[in-house]
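# I would like the atomic coordinates for the input below:
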Amino acid sequence: MRFTFGDYLLDIDRRELRRRDEPVALEPQVFDLLVYLVQNRDRVVSRDDIIDTVWGGRIVSDSAVTTRINGVRRAVGDSGSAQAVIRTITRKGLRFIAPVEEEDDSPSARIAVPPPEAPVFAVERLDGYEAARKKPSISVLPFRNATDDAQQDYFTDAVTADLTVDLSRIRDVRVIAVASALAYKNSALDIRQIGQELGVRYLVIGSIARVGNLVRTNVQLVETESGEQLWGDRFEHEFADLGELANVITGRIAASLNIQLVRAAGRHAERASQPDALDLRLRAAALFYGSVAPEHTREVRRLLRQSLGLDPQSADGWARLAEVIISDRLNRWNDTGPAQIDEAEEAVHRALLIEPNSALAHFAQGLIQRARGDHYSAAEAFSRAIVLDPNFALAYAHKGNALVLMGHPTEAPPLVEQALQLSPHDPSIGIFHWIVGRANFYAGDYEQAVSWLHKSVQARANLWYNRLYLISAYALLGKLQEAARALSEFNRRFTDPIYSLAVVRAQEGANPSTERVVLDAREKFHEGLLRAGMAEN
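Numbering: from 1, shown residues only. Alright, predicted model coming up:
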């Protein structure tokens, strides 16, 4: 059987895809998936359909399925943004939409997709299903409609489903399918019993109520074994388009839960007497989220290297290692110099070979490009991370930072605002404030810069750059007493090296830029420091 579409010929009997008579190289599972989509082009196929057909119903990670889908798109000249050949139907699946001519309609020619030689897991290779079950596990229980209007049930069910999908993007966490969770809608069972029946360590419990023009959301993260509430949040949004409102609600919860789950799983992993690769990786992530300081990032690196020694096939481990190394370089911590940029890049390369659609790896790649002074490539990498994980608050903020270093400071605050909406209690909140503060400084609005930089210093007192920009902004506003006091406090805190303008110029080498807006703003920054009383050399 042969199918033609556009410039392509798909020959099932020969297992070939050709474009203008030139062969297109395909992995076996990518070929099988393409055939399945073409043969079922009259309907939408779900991810479960794809797994049943291509993997024989075996357990596979979402990232493995996404990788094969992206492989098919690339093979036929399509993309997730264009969707000219394969269209994504939100929360339903995929459909092959390009016009197809079929040369042989014989049923016997239909492909029988063989099962893979071994099951595919996104965790350490232990033994079969047990490997998947070892990961921290969570279920989103159906959100409760806290109003008397039963017609609002569909909205709470939509939030439950969307949040489950969003949480499935979190690495090293097993998420129970929404169909299983919906069986507990309006259930009177207690937390411990539900946890036992679903086999999960954590439950997400929430309620939504519409009061006038406000929609109020309550959410909790609960440990099933103890019944302890590990985290809770309560927030309000003005009623608007229901679809957009659902995205806002699920985005904020998912971004916060990502952090809280990592912390909880890290605490649980601390109790392991003989930690394996996953335990070590969770410990590292929890420590990194807990408090970003040079002594902690040094320990995070050690834990990650130990984990990768046990499991070198962890894309998340390599990506996290790259992020920590390059963050140390940008902060000028732990004697991390230019040579470590290459080390971080090698780690990202290994991560992307294992998992091309790792949002964390693309994010780390953006930081690497920033350290190299290629801020346009950095912005593209951060954008890719956002496409792969729309709830990645830090990626929005750093994309804004890239725009500042590209010479577009006024375009940064809206992106940071998105980050703040997604994760208002983020461990990196001080960095969010810093990016907006420097953006205002570069735009010449020193009053606004002072406001944001002051917040940044309060949240992240161990950074040199937010304090110095605050000092300079004070001086440029003519507030010399405030500038002098802040500089005196800075000199007490930061003694190695002893800062002078020459040292500041050297430190800026970790964030190179040739943009005239940036260079002029940095000259004003230096001018303000001299006015505040900093020595030239």
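# who touches Val262 in this structure?
Val262 sits next to Leu282, Ala285, Ala286, Tyr289 when contact means C-beta atoms under 8 Å, 6 or more residues apart in numbering. Yep, even glycine has a C-beta here, placed from its N, CA and C like the rest.
# All the helices of the stretch 201-350 of the chain, residue numbers only.
Assigned helices in the stretch 201-350 of the chain, in chain order: 242-270, 277-290, 294-310, 315-331, 339-354 (criterion: DSSP state H, counting those that start in this stretch).
# so which of the ones you listed is the most packed in?
Highest mean neighbour count among the helices of the stretch 201-350 of the chain (mean count of other C-beta atoms under 10 Å): helix 315-331, with a mean of 25.
# For that helix, enumerate the helices and strands it packs against.
helix 277-290, helix 294-310, helix 339-354, helix 359-371 (3 or more C-beta pairs under 8 Å, 6 or more residues apart in numbering; DSSP states H and E).
# Let me have these in TSV, adding mean pLDDT as columns.
As requested, those are exported to TSV (pLDDT from 0 to 100):
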stretch	mean pLDDT
helix 277-290	83
helix 294-310	91
helix 339-354	92
helix 359-371	93
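# nearest to Glu323, of the ones you listed?
Glu323 sits nearest to helix 359-371 of all the helices and strands packed on helix 315-331, at 4.3 Å, using C-beta to C-beta.
# helices or strands up against that closest one?
With contacts defined as 3+ C-beta pairs under 8 Å, 6+ apart, helix 359-371 has these neighbours: helix 315-331, helix 339-354, helix 375-388, helix 393-405.
# Now render these as TSV, adding distance to Asp48.
Putting the helices and strands packed on helix 359-371 into TSV (distance: least, C-beta to C-beta, whole Å) gives the following:
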stretch	distance to Asp48
helix 315-331	24
helix 339-354	25
helix 375-388	22
helix 393-405	29
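# Among these, which comes closest to Gln196?
The minimum distance between Gln196 and these falls on helix 315-331, with 28.5 Å, by C-beta to C-beta.
# Quick one: distance of the closest one to the chain centre.
Mean C-alpha position of helix 315-331 versus that of the full chain (C-alpha atoms, centre = their mean, to the nearest Å) differs by 14 Å.
# Now do that helix against helix 277-290, angle only.
Counting by axes from the mean of the first three to the mean of the last three C-alpha atoms, to 10 degrees, helix 315-331 points 30 degrees away from the direction of helix 277-290.
# circling back to that earlier point, can you tell me which of the contacts of Val262 comes closest to Glu299?
Ranking the contacts of Val262 by separation from Glu299, with C-beta to C-beta as the measure, puts Ala286 on top at 11.3 Å.
# Isn't the closest one up against Leu261?
No. Contact status for Ala286 versus Leu261: not in contact, 9.7 Å apart, counting by C-beta atoms under 8 Å.
# Where do the strands of the stretch 1-150 of the chain begin and end?
Secondary structure of the stretch 1-150 of the chain by DSSP state E, counting those that start in this stretch: the strands cover 2-5, 8-11, 16-19, 22-23, 86-89, 93-96, 101-102, 137-140, 144-145.
# and among those, the most buried is which?
Among the strands of the stretch 1-150 of the chain, ranked by average contacts under mean count of other C-beta under 10 Å, first place goes to strand 137-140 (a mean of 25).
# For Lys455, which of the strands of the stretch 1-150 of the chain is the nearest?
Closest to Lys455 of the strands of the stretch 1-150 of the chain, according to C-beta to C-beta: strand 137-140, at 32.3 Å.
# Alright, that wraps it up for me.
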